[in-house]
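Chemist: Kindly generate the corresponding structure for this input.
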Amino acid sequence: MTAKSRLAPLKGSTIPRLELAGVLEAVRLDKLLQEELEMDLEESLYWTDSTIVLWYLQNTEKRFQTYVANRVAKILEHTTATQWSYVPTSENPRDDASRGMTAEDLVNDERWNKGPGFLYQDRSNWPRQPAFNCAKLEKMAKVKPSLVVYVINTEDYMGKLISYYSWHRIKKAVAWFLRLHQMLRKKSYQRGPLVADELRTAEEAIIRHAKKMLLDDKNTRLGILNPKKSASGLLLVGGRLTNSKHEDCTKHQLILPSEHLVSKFMVDDFHPRAGHAGVEYILADTRRRYWIFKGRKLVKKIVHQCITCRKLRGKAEVQQMASLPESRVTPFEPPFIRVGVDYFAPFMVKRALSQVKRYGCIFTCLSIRAVHIEVAHTLDTDSY
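Modeler: Purely as a prediction, here's the structure:
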C-alpha cells in the first residue's frame with residue numbers, strides 16, 4: 001500500500017537505535033493506513049530483521065536508557081510483542097528502499113511489489129526468530145561506564161589524521177594529541193586554547209612523518225639540494241645563502257616529497273590564500289618555507305583540478321552559427337540562379353575635363369560562390 005524511508009541523523013547513532021527508529025516509523029505508517037483506508041483491517045503484522053529490536057519489545061524489565069525506553073513505550077502503546085516477527089535480511093524488501101535500485105529493477109522486482117514469497121505460504125513455513133543471547137546484553141547494560149585511555153605511538157595515528165583533515169586542521173588535531181600525550185606523561189593538566197609553539201611543534205611532527213617517505217624513496221635525488229639537518233632532525237635545503245639576511249626558513253626550506261598528502265594539503269592551503277593565482281606564483285609562495293620535490297608538477301595538478309580556477313580561466317561561450325539557407329545548399333542549379341548583390345567604392349573617374357563617381361556592383365552566386373562585377377554609373381534604380 002505504501003512505503004517510507006528516512007535518512008539517518010547527521011550526528012550519528014548506533015545501529016540498534018537506527019533499527020528501533022525504523023520500527024517506530026513502521027508503527028506510525030500503520031496508524032496512518034488505519035485512519036485513511038475506507039476498510040477495516042482485521043490484523044496488523046510487523047516484520048523486522050533486527051533481533052535486538054525484537055528483544056527490546058519482548059523484554060519486561062526496566063533497564064533501558066531514555067532513548068530506547070521512550071521509543072519502546074511508543075511502539076508497545078500501539079502494538080503488542082506478539083505482532084512482531086522476524087524476517088531474514090535477504091528477504092526484507094526494506095533494503096530495496098534504503099540501498100537503492102534502478103527504475104527497471106523496481107518495476108521487475110516482485111519482492112518490492114508483492115512482498116516476500118513466504119507471505120503466500122502457510123504460517124508454519126514463515127521464518128522463525130533465531131535464538132538471541134540476552135544474558136550478554138543484560139550484563140553489558142549493567143556495566144557502569146568508565147574512562148579508558150590508550151597511549152599509542154605518534155606515528156600510528158599520524159597517517160590516519162592526515163587522510164581526514166586539511167592542512168590547518170591537521171596541525172590543530174596533532175597539537176591536541178601532543179598536548180594529551182604531555183599531560184599523560186607529566187600528569188599535569190594544561191588549560192586554554194592552543195598556542196603558536198604547540199602548532200609549530202605539531203607541524204614539525206607532521207613533516208617528520210612525511211620525511212620517512214622521502215628517505216625510503218630511492219629515486220629521490222636529494223643530493224642536488226645539498227641537504228642538511230636542522231636542530232630538530234628535519235631535512236633542509238642547503239646552498240650558499242647562509243650569510244644572507246633573509247629569514248632562516250627562506251634560506252633553508254624544509255624538504256618534502258611530492259607524493260605525500262602533507263605536500264598536497266600544503267599547496268591546497270596556499271592556493272586559495274594566493275587568490276587562485278597562477279602556477280609560478282603559488283610555487284614561489286610555497287618555497288618561502290617548503291621545498292617540495294617536483295613541486296611545479298604538483299601545483300599544476302592542483303590548479304587544474306580547482307573548480308574556481310576553471311571558472312576564472314575558462315573560455316567564454318561563442319555564438320553558434322545558424323543553419324545555411326536553402327538557397328546556399330540547393331545542388332544542380334545553373335550559376336547565378338540565386339545571387340547576392342552589393343555595391344562598393346565609389347571610384348573617381350576622369351571624364352573630359354571633370355571627374356565623376358563610378359560604383360562597382362558585385363553579383364555573387366550563392367551556391368558556387370562565383371563572382372561577376374559590373375560598373376554602375378549612379379546609385380539610382382535605372383542605373384542598376
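Chemist: going forward, measure contacts between C-alpha atoms and count neighbours the same way
Modeler: Fine.
Chemist: in the stretch 51-200 of the chain, which spans are strands?
Modeler: 84-86 (DSSP state E, counting those that start in this stretch).
Chemist: Break down it into its helices, ranges please.
Modeler: Assigned by DSSP state H, counting those that start in this stretch, the stretch 51-200 of the chain shows helices spanning 51-58, 66-78, 94-99, 103-108, 110-114, 134-142, 154-162, 167-186, 196-216.
Chemist: would you turn the ones you listed into a markdown table with distance to residue 233, mean pLDDT and mean neighbour count?
Modeler: Output for the helices of the stretch 51-200 of the chain, formatted as a markdown table (distance: least, CA to CA, whole Å; pLDDT from 0 to 100; neighbours: other CA atoms under 10 Å):
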| stretch | distance to residue 233 | mean pLDDT | mean neighbour count |
| --- | --- | --- | --- |
| helix 51-58 | 54 | 85 | 19 |
| helix 66-78 | 52 | 87 | 14 |
| helix 94-99 | 51 | 79 | 14 |
| helix 103-108 | 60 | 84 | 11 |
| helix 110-114 | 63 | 81 | 14 |
| helix 134-142 | 48 | 49 | 11 |
| helix 154-162 | 16 | 61 | 14 |
| helix 167-186 | 18 | 86 | 17 |
| helix 196-216 | 8 | 85 | 17 |
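Chemist: and of the ones you listed, who's closest to residue 280?
Modeler: helix 167-186 (20.9 Å; CA to CA).
Chemist: what's that closest one packed up against?
Modeler: Packed against helix 167-186, as judged by 3 or more CA pairs under 8 Å, 6 or more residues apart in numbering; DSSP states H and E, are the following elements: helix 154-162, helix 196-216, helix 261-273.
Chemist: which SSE is residue 255 in?
Modeler: In this structure, residue 255 sits in strand 254-256 according to DSSP states H and E.
Chemist: for residue 300, that is, sorry about that
Modeler: Assigned by DSSP H and E, residue 300 belongs to helix 295-305.
Chemist: Would you mind giving the domain segments of the chain?
Modeler: Per the record, the chain has its domains at 15-142, 154-313, 327-376, by automatic domain parsing.
Chemist: how about the ones you listed in CSV, adding distance to residue 3?
Modeler: CSV is the format used below for the domains of the chain (distance: least, CA to CA, whole Å):
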stretch, distance to residue 3
domain 15-142, 8
domain 154-313, 36
domain 327-376, 59
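Chemist: Can you tell me which of those is nearest to residue 321?
Modeler: Here domain 327-376 is closest among the domains of the chain (CA to CA), at 14.3 Å.
Chemist: Now do the closest one: distance to the chain's middle.
Modeler: Centroid separation between domain 327-376 and its chain, computed with CA atoms, centre = their mean, to the nearest Å, is 63 Å.
Chemist: so of the domains of the chain, which one's packed in deepest?
Modeler: Across the domains of the chain, averaging neighbours per residue (mean count of other CA atoms under 10 Å) puts domain 154-313 on top, at a mean of 16.
Chemist: quick one: low-confidence parts of the stretch 201-350 of the chain?
Modeler: By pLDDT under 70, the low-scoring segments of the stretch 201-350 of the chain are 218-219.
Chemist: try 80 this time
Modeler: Low-confidence segments of the stretch 201-350 of the chain, defined by pLDDT under 80: 212-221.
Chemist: distance between the ends of stretch 5-21?
Modeler: Distance between the boundary residues of stretch 5-21 (CA to CA, to the nearest Å) amounts to 11 Å.
Chemist: I'd like the average pLDDT over it.
Modeler: For stretch 5-21, mean pLDDT rounds to 83.
Chemist: Give me the contact list for that stretch.
Modeler: Defining contact as CA atoms under 8 Å, 6 or more residues apart in numbering, one finds that stretch 5-21 is touched by 50, 52, 53, 68, 71, 72, 97, 98.
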